[in-house]
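**Q** No letters, just coordinates:
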Ligand SMILES: CC(C)(COP(=O)(O)OP(=O)(O)OC[C@H]1O[C@@H](n2cnc3c(N)ncnc32)[C@H](O)[C@@H]1OP(=O)(O)O)[C@@H](O)C(=O)NCCC(=O)NCCS
């Protein structure tokens, strides 16, 4: 099937939204407004068939927190192909070309949320972070940590905007790999609170925790009110919590778990090492489930390796295979330099993506057949070099 591909233009937005609404079986003016707010036409690739827009991929320009630093990254988004043109290679063409564009722009990696993980692995994306959701029966769970003092303030999210900004530790102490930079526009996007996003719950609310050093954390949530013959059984729907001190973390959760007339607290964007597990008397009642989070594709191995920190084994050598970018194939040390020394482990580019944010397990990837130990002790060295004390997490869908 013939199709042509070109870089996007501002005037494409209406057709792009129409394509995405059809592809995602969704239609709402609210969501269209949000897409318009953040659309970056010059980063889009559109596929046309005789004048009809039949495929699209886009990217946002944001920074990504990685272990020990931040990198510019292509935040891939708005991927869709018309139902009449599916499985003809259009997504393959534009997603591959997009990775080259991201590399050419100097960004070492691309990240995305997948509608279905199986779509992206063939392009070299690896599962770099997992998302843990919670559904807590609040009558069954008590915090074992005594109250810390400090002060919790609550209000509609937008009215606390300046405090949220202060409490978001992107790229500094308290931040985590996977966090994304937020410009004013991205704060607008995060706090938009459209009717479509509420899904029957109340408005977007926030709490902030003030400690000795000022705002030390915040949480964003909505409350869904519900009653039955036995009385109130509302649900607190927490989008995410962010805390740069242990006191902030504990007091945010103490507030959320104690909101009157509610019986359940759910958390959408949690990390797999959520300290709540070690802070309650009945961890099983947190009813945790884990799914895939951010997928990451390293497009420039030397600069990606150079940009992050490693807790140990600085002299590790890895042998990388990348079928798309020849320059990524070969042996590298952790400073990103190409070396001739024998490698400790061999892995393909998607396994490197899975390890890059510090959450993947080299040992698990080895068992899964995605990483090979090349010398005795190489696997253990790779495992500890790439692992990071804080599990990566992503706080918002983009
Ligand atoms: C996902 C989507 C963009 C794929 O577009 P496409 O043009 O049909 O993809 P391609 O023809 O390039 O497919 C390339 C390969 O990926 C596979 N593939 C594509 N989408 C897949 C899916 N959803 N599930 C499983 N495999 C898929 C194809 O079978 C093909 O494999 P093959 O080469 O072995 O035959 C399109 O189906 C779509 O718009 N889906 C709905 C919206 C969506 O999920 N977007 C992704 C947002 S994160």
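**A** Perfect, thanks for sending it. Because the structure is predicted, anything quoted here is derived from the model rather than measured.
**Q** Next, count neighbours for the residue in the stretch 151-300 of the chain positioned nearest to the ligand.
**A** Proximity of the stretch 151-300 of the chain to the ligand (CB to the nearest ligand atom) peaks at residue 295, 9.1 Å away. Bear in mind the C-beta positions are built from the backbone N, C-alpha and C, glycine included. Residue 295: 25 surrounding residues under other CB atoms under 10 Å.
**Q** Close to the ligand: what parts of the protein are there?
**A** By CB under 6 Å from any ligand atom, the residues of the chain that approach the ligand are 23-24, 79-81, 86-92, 114-116, 118-119.
**Q** The closest residue to residue 330 other than its chain neighbours: how many residues sit nearby?
**A** Distances taken as CB to CB, 6 or more residues apart in numbering place residue 338 nearest to residue 330, at 5.7 Å, with adjacent residues excluded. Neighbour count of residue 338, defined by other CB under 10 Å: 11.
**Q** now the longest strand along the chain, how far from the centre of its chain.
**A** Across the chain, the longest stretch assigned as strand under DSSP state E is strand 52-66. Strand 52-66 sits 14 Å away from the centroid of its parent chain (CA atoms, centre = their mean, to the nearest Å).
**Q** How about it, which residues are buried there?
**A** Residues of strand 52-66 classed as buried: 53-66 (neighbour count, 16 or more other CB atoms under 10 Å).
**Q** Quick one: list the elements packing against that strand.
**A** Using 3 or more CB pairs under 8 Å, 6 or more residues apart in numbering; DSSP states H and E, the elements in contact with strand 52-66 are helix 13-23, strand 45-49, strand 69-81, helix 90-104, strand 109-113.
**Q** Which pLDDT value belongs to the residue at the greatest distance from the centre of the chain?
**A** Distance from the C-alpha centroid of the chain peaks at residue 229, with 40.2 Å (CA atoms, centre = their mean). On the pLDDT scale, residue 229 is placed at 97.
**Q** Give me the contacts around the helix or strand hosting residue 242.
**A** Using DSSP states H and E, residue 242 falls within strand 234-243. With contacts defined as CB atoms under 8 Å, 6 or more residues apart in numbering, strand 234-243 is touched by 167-169, 174, 201, 204, 209, 216-226, 249, 252-253, 256, 259, 261-270, 395-396.
**Q** Report the beta-bridge partner residues of residue 319.
**A** Going by DSSP bridges, residue 319 is paired in beta bridges with residue 331, residue 346.
**Q** so who does it touch?
**A** 330-331, 343, 345-347, 374.
**Q** what about the nearest residue to residue 66 once chain neighbours are set aside, neighbour count?
**A** Excluding the flanking residues, the one nearest residue 66 by CB to CB, 6+ apart is residue 308, at 4.4 Å. Look at residue 308: counted by other CB under 10 Å, it has 22 neighbours.
**Q** Check whether residue 211 really touches residue 153, as I assumed.
**A** No: using CB atoms under 8 Å, residue 211 makes no contact with residue 153, being 12.0 Å away.
**Q** Comparing the two, which shows the higher neighbour count?
**A** residue 211 (19 against 14).
**Q** Can you report how many residues lie near residue 214?
**A** There are 11 residues near residue 214, going by other CB under 10 Å.
**Q** Also residue 281?
**A** Using other CB under 10 Å: residue 281 sits among 10 other residues.
**Q** quick check: mean pLDDT across stretch 350-357?
**A** 98.
**Q** Revised request: answer the last question for stretch 255-274.
**A** Stretch 255-274 comes out at a mean pLDDT of 98.
**Q** Now it: buried residues?
**A** For stretch 255-274, by 16+ other CB under 10 Å, it's 255-257, 259, 262-274.
**Q** mind listing the helices in this structure by residue range?
**A** 13-23, 29-38, 90-104, 161-167, 184-190, 195-198, 246-257, 301-307, 349-356, 362-367, 378-386 (DSSP state H).
**Q** pLDDT weak spots in the stretch 1-150 of the chain?
**A** Across the stretch 1-150 of the chain, nothing is flagged by pLDDT under 70.
**Q** and with 80 instead?
**A** 1 (pLDDT under 80).
**Q** hang on, the earlier thing: OK, contacts around the residue nearest to residue 66?
**A** 66-69, 71, 356, 358.
**Q** same thing with residue 135?
**A** Residue 135 neighbours (CB under 8 Å, 6+ apart): 264-266, 286-287, 289.
**Q** can you rerun that using 10 Å?
**A** Contacts for residue 135 (CB atoms under 10 Å, 6 or more residues apart in numbering) come out as 235, 264-267, 285-289.
**Q** Return the subset of the residues you listed lying in strands.
**A** Among those, the members falling in strands (DSSP E) are 235, 264-267, 289.
**Q** Can you add distance to residue 385 and give those residues back as JSON lines?
**A** JSON lines is the format used below for these (distance: CB to CB, whole Å):
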{"residue": "235", "distance to residue 385": "42"}
{"residue": "264", "distance to residue 385": "41"}
{"residue": "265", "distance to residue 385": "37"}
{"residue": "266", "distance to residue 385": "36"}
{"residue": "267", "distance to residue 385": "31"}
{"residue": "289", "distance to residue 385": "30"}
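**Q** about what we covered before: need the winner for burial among the helices of the chain.
**A** helix 349-356 (a mean of 27; mean count of other CB atoms under 10 Å).
**Q** That helix versus helix 378-386: what angle between them?
**A** Helix 349-356 and helix 378-386 are oriented at 50 degrees to each other (axes from the mean of the first three to the mean of the last three CA atoms, to 10 degrees).
**Q** quick check: angle from helix 349-356 to strand 69-81?
**A** 130 degrees.
**Q** hmm, back to that, right, and the residue nearest to residue 330 touches residue 318 too?
**A** No: taking contacts as CB atoms under 10 Å, residue 338 lies outside contact range of residue 318: 11.3 Å.
**Q** Show me what residue of the stretch 101-250 of the chain gets nearest to the ligand.
**A** For the stretch 101-250 of the chain, CB to the nearest ligand atom, closest residue to the ligand: residue 115, 3.4 Å.
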